[in-house]
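In: 3D, please:
(chains A, B and C)
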Amino acid sequence: MPGPRVRWRHPDTRAAIAVLAVAAAAFAITFTFETVPQALMEGMGPERFPQLVIGMASALGLLLLWRSRTLPPEALPAIPAIVFATVGLLVATILVLPWLGVVPTMTGAMIALGYLWGERRLWLLAAVALPFAAGVHLLFVRTLGISLPVGPFGFILG
Amino acid sequence: MIAFLTGVQQIMTGELLLVVFIGTLLGIFVGALPGLSGSTTSALLLPLTVTMNPVTAIAFLGAIYCAANYGGSITAILINTPGDPSASATAFDGYPMAARGEAGRALGMSAVASTIGGIFSVLVLVVATPLLSRFAYSFGPPEYFALAVFGLSMLGAVGGAGALKSLIAGCFGVLLACVGMDLTTGVERFTFGLPDLTDGISFVPVLTGLFAVAELIDQATRLDEKLVRLPMAAAKLPTVGDFRKAGKSIGIGSILGTLIGVLPALGATTAAIITYNEVRRFSRYKEEFGKGAIEGIAGPEAANNSAVGGSMVPTLALGIPGSATTAIILAGLLVQGVRPGPHLFNEQPQFLYAVFGSMLAANLIFLVLGLFLAKLFAMITLIPNALLWPGVLFCSVIGAYAPNQAMGDVWTMLAFGVIGFFFRRHGFSPAPLVMGLVLGQMVEESLKQSLLIFDQRWMGFLERPIAVTLFIVTLTLLALPALARGVRALRGRAA
Amino acid sequence: MTVSFRHTRTRPTLSRRRILATPLLAAPFIAGHAWAQERFPSRTIEVVTHAGVGGGTDITARMMMVQAPAEFGQELVVVNRVGGSGAAALAYAASKPRDGHTILLITQTHLLTVMRNRAPGISYSDIVGLARATEDPQVLMVGKGSPHKTAQAFIAAAKAQKMKFGTTQVGGVDHLAVFGFAKQAGIQQPTIVPFRGGGDIAINLVSGNVDAALLNPSEPEAQIRAGDVIPLLTLHEERIATLKDVPTAKELGFTSVHATTRGFAVLKGVPEDRIAILEDRLVKSMSSPLFRNYLDSTGQARSSVAGRQVWQAQLDAFNADGREALTALGVAQ
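Out: Below you'll find the predicted structure:
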């Protein structure tokens, strides 16, 4: 009998456990829903349908777990560091977005992402990003009147 | 029909054609841009159209509506970012095609299928509007429930990642559709006290995250791979063989799209999703789906454009808009003093001619433009990743933020980007999740509404002929593969 | 063909400035006009709505804004803060200085959100009405298959039997109107079948899936004309011009007035003189032919546009009724 650690390595096992964990969390949340006053309550309560769906997802997750038992262990390719850097950059971008405003932040993010991905010609990155930003600003803010947040430094853009 | 063509001919002056042309160009443009949809643009231009003469205004809005639905497919194919939610099914196969260097084929097919679907639906609109409008009345909650079940019945088959994983993804899609205030009790569910979630999880950010941002993160894992795409192959248009292969899909898409479009509660997005399922079910090349099947582009594109004509039926004949954009067009008609309803066909036919004529013209214009520009657009796939994807990121953020102007939507987009990345890594497909999200709300709400109407008797469904028929069709189609296998086995034994 | 249209032929992307420039040119005297009023407004005014771009309330705001720059001497922009049934819009307005440069376009939904304590830090007394924009009366309607062809017959039947009413969101404005009407008419509280919009309700009235509904007269207009939907009773002070034969509740001997309203408001703290300026300019902006045309086309009376006295009184009345209804339904905290 092969050791459980080897079986544990099959990616489907991990996926199934993730599915079950999310389902369990969602199921727990359904108990925190506000109670419906009697006068409004007719037929199905708000928690019934989600619970039904969660039940189905859990059953399918268990099936996936059961099926992955017999699969040969297999390793997924490692996630390269650049992926974490990219996601980190995205998080940072969205964090500063309300403060710097959409157009300046996204111009910076465009250049930063291009640089991170190995394009070292900064002039080229800027040459792509700046007209892009100007275009978006002109189209959304000036032409269509959809307001985008400008942030405290919005005055730079007028 | 003759009277109609004469009417259209009379109304289609050079000036009006120019307006339609501008509307079409504008429509393709805003349709392709994530964050600007046909409905948003029409709404923003509504005050302007008030100053136009009525026929011009309606033709202008109609052209934008038609072209925006086609435009959405351009970005869906090129950068995996549906420019309009209705193009999400197009991304399932369009992007894989573009990724292997066949953007031109995909774009060309999208233009042709869209035009055929669009023109088919306009012709149906001309001939059968009074008839079809009664069809809308026969669809109540029980019928919508049966239709949603029909749509969901194919969940296990889509995505090409194994039925089990697709069903799990579909369940989570349906669960996501539960987020927000419950229609029948007013209770907030899974909102965590965040106001951005009370009206439900926004569809566009989820879509942008699952497709565009997940692809961006995935690209980061493959930066070392050298991409060699031949410019000539990228710009190649579809061949006669492609059209022969996709003919059936275009047919299925046109018919389903028109019928689903006629139903006021459903629009182009649902039409495209349900069609994608059906096209796959009846395809001889099932294994290609999700990996770049040309039928997977033809069907949904024909469907989302024929849904445009379909949704005009209840708008014009009943005064009940069949989609977000037709709601704006309806407002445009009302402001111009046009009262939609059955009498419109006798009393003010010139407006119908304007609508029909402009939609026909817009379809033909974007066909020519689409085929002409496909070669040019296809070159976008040749831009180096380090320059292209930052631009996609910019578009995605704007697309997620602009419609509701909520930062929560931008976070939703990022979260679904990461989820989409792990989905792919573990062999789950985003397609069933999107389907669950589109149809989930309809399943739950129509079920609860039906039970209220039936005084909580489940047997009530059996008293509704259309619903029963739909349930039977669903079961039959589900059992069909097994039946076919059984028949084949029997024959084998007999031989 | 009009002037502003000609621009579209030469410029495919339509400039909002261009659109707004037309009325601006027509009123060259506004610069001096604004000067006299201590230069308020001194910068762009934000109009905050809870509807997404293209939603009904958003369109109302944009229709008002076509004429407004000429009246205010300043640009106006719509800020869409969707979410929380108005909570996000109220929170946004609360984060801005109370100097009159941020105005809200509110509906009864905002008030309900405040009543249910879902807009943190804002209570009803913080909302100051400026001007009413639209008022769409509710009308009791049944499908053509209904056995009750008059309001009297319907009410008599509804006393004996529990009817099914189509509404929008449970616990929302339409639901409260049904609750209030049922109480005022002395009928049994009906079963609520909620739908996503007025169009869906009209269809389900025609097909007989629901017994009745309170709808704005413009929603099922085509159905009324075709005889598929029958309006029975107007819940308004007087009869509606387009539905002359439909009696009001008052004529039947009970008071029941319900309407879908939208109007402008600011949060408490804006100086009184500025409130007066805002009220004046808003009413003027909404007296433009374009806005009148918009009201006509959506089946609303031109008297929908009203100053803050009328609007504030209506808000107060709704606040009192709404609280009572929520308590009766057991959802008020």
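
In: Spatially nearest residue to residue 119 (excluding sequence neighbours)?
Out: This is for chain A. In this structure, A:E119 finds its nearest non-sequential neighbour in B:A386, 3.7 Å apart by CB to CB, 6 or more residues apart in numbering or on different chains. (Each C-beta comes from the backbone N, C-alpha and C, glycine too.)

In: Correction: the question concerned chain B.
Out: Nearest non-adjacent residue to B:I119, counting by CB to CB, 6+ apart: B:N363, 5.2 Å away.

In: Are there helices or strands packed against the helix or strand where the one you found lies, and which ones?
Out: Using DSSP states H and E, B:N363 sits in helix B:349-378. Contacts defined by 3 or more CB pairs under 8 Å, 6 or more residues apart in numbering or on different chains; DSSP states H and E place helix B:349-378 against helix B:2-11, helix B:14-32, helix B:54-79, helix B:103-137, helix B:295-318, helix B:344-347.

In: Close to chain A: what parts of the stretch 351-495 of chain B are there?
Out: Residues of the stretch 351-495 of chain B that fall close to chain A, judged by CB under 8 Å from any CB of the partner chain: B:384-387, B:389-391, B:393-394, B:397-398, B:401-402, B:405, B:407, B:410-411, B:414, B:417-418, B:421, B:425-428, B:440, B:444, B:447-448, B:451-452, B:456.

In: Please spell out the ChimeraX selection for the buried subset of those.
Out: The buried subset of those, as determined by 16 or more other CB atoms under 10 Å in any protein chain shown, is captured in ChimeraX by this line:
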select /B:385,386,387,389,390,391,393,394,397,398,401,402,405,407,410,411,414,417,418,421,425,426,428,440,444,447,448,451,452
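
In: for the chain, what's the longest helix?
Out: Reading this off chain A. If you go by DSSP state H, chain A has its longest helix at helix A:48-69.

In: My question was about chain C, not that one.
Out: Per DSSP H, chain C has its longest helix at helix C:308-329.

In: That helix near chain B anywhere?
Out: No: judged by CB under 8 Å from any CB, helix C:308-329 stays clear of chain B, getting no closer than 9.5 Å.

In: B:A136 is in contact with C:I203, correct?
Out: Yes: using CB atoms under 8 Å, C:I203 is in contact with B:A136, at 6.3 Å.

In: which one of these two has more residues nearby?
Out: Taking neighbours as other CB atoms under 10 Å in any protein chain shown, C:I203 and B:A136 compare with C:I203 leading, 29 against 21.

In: Leaving out the residues flanking it, which one is nearest to the more buried one?
Out: The nearest residue in space to C:I203 (CB to CB, 6+ apart) is B:Y137, at 5.9 Å.

In: Could you report the pLDDT at that neighbour?
Out: pLDDT recorded at B:Y137 is 85.

In: and if you look at the one 4 residues further on?
Out: Here, the pLDDT recorded for B:P141 equals 93.

In: Tell me who's in contact with it.
Out: If you count contacts by CB atoms under 8 Å, 6 or more residues apart in numbering or on different chains, B:P141 has them with B:E445, B:S446, B:L447, B:Q449, B:S450, B:I453, C:N204, C:N209.

In: next one: B:G322
Out: B:G261, B:V262, B:L263, B:P264, B:L266, B:G267, B:G310, B:S311, B:M312, B:V313, B:P314, B:T315.

In: go again using 7 Å as the cut-off
Out: Contacts for B:G322 were tallied using CB atoms under 7 Å, 6 or more residues apart in numbering or on different chains; they are B:G261, B:V262, B:P264, B:G267, B:G310, B:S311, B:V313, B:P314, B:T315.

In: The last one against B:P321, yeah?
Out: In other words, B:T315. Yes: using CB atoms under 7 Å, B:T315 makes contact with B:P321 at a distance of 5.1 Å.

In: So for these two, which residues contact both of them?
Out: The contact sets of B:T315 and B:P321 overlap at B:L330 (CB under 7 Å, 6+ apart).

In: Run a quick neighbour tally on the nearest residue in space to B:G72 that is not next to it in sequence.
Out: Distances taken as CB to CB, 6+ apart put B:D84 closest to B:G72, at 2.9 Å, once the chain neighbours are dropped. B:D84 has 32 neighbours, counted by other CB under 10 Å.

In: and if you look at B:A99?
Out: Using other CB under 10 Å, B:A99 has 18 neighbouring residues.

In: Can you tell me how far it is from C:Q309?
Out: From B:A99 across to C:Q309, the span is 64 Å (CB to CB, to the nearest Å).

In: again, but for B:T115
Out: Taking CB to CB as the measure, B:T115 falls 57 Å from C:Q309.

In: which other helices and strands contact the longest strand seen in chain C?
Out: Taking DSSP state E as the assignment, the strand of chain C that covers the most residues is strand C:127-143. For strand C:127-143, the elements it packs on are helix C:56-72, helix C:198-206, strand C:212-215, strand C:229-235, strand C:259-267, helix C:272-285, helix C:308-329, judged by 3 or more CB pairs under 7 Å, 6 or more residues apart in numbering or on different chains; DSSP states H and E.

In: tell me the angle of the second one relative to helix B:295-318?
Out: Meaning helix C:198-206. Interaxial angle of helix C:198-206 relative to helix B:295-318 (axes from the mean of the first three to the mean of the last three CA atoms, to 10 degrees): 70 degrees.

In: can you check the last one too?
Out: Between helix C:308-329 and helix B:295-318, the angle comes out at 110 degrees (the same axes, to 10 degrees).

In: What are the buried residues along helix C:308-329?
Out: Buried residues in helix C:308-329, counted by 16+ other CB under 10 Å: C:308, C:310-312, C:314-315, C:318-319, C:321-323, C:325-326, C:328-329.

In: Show me the domain layout of chain A.
Out: Split into domains by automatic domain parsing, chain A comes to A:4-69, A:81-156.

In: got the ones you listed as a markdown table, with mean pLDDT and mean neighbour count columns?
Out: Converted to a markdown table, the domains of chain A look like this (pLDDT from 0 to 100; neighbours: other CB atoms under 10 Å in any protein chain shown):
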| stretch | mean pLDDT | mean neighbour count |
| --- | --- | --- |
| domain A:4-69 | 85 | 16 |
| domain A:81-156 | 83 | 17 |
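
In: Excluding covalently adjacent residues, which one is nearest to B:F190?
Out: Using CB to CB, 6+ apart and skipping residues adjacent in sequence, the residue nearest B:F190 is B:V179, 4.5 Å away.

In: Report the separation between the one you found and A:A24.
Out: Separation of B:V179 from A:A24 (CB to CB) stands at 18 Å.

In: got it, and B:G332?
Out: B:G332 is 50 Å from A:A24, by CB to CB.

In: what does B:L259 give?
Out: 41 Å.

In: and if you look at B:V124?
Out: The gap separating B:V124 from A:A24 is 49 Å, by CB to CB.

In: on that earlier part again, okay, who's weakest in the contacts of B:G322 by pLDDT?
Out: Across the contacts of B:G322, the smallest pLDDT goes to B:P264, namely 77.
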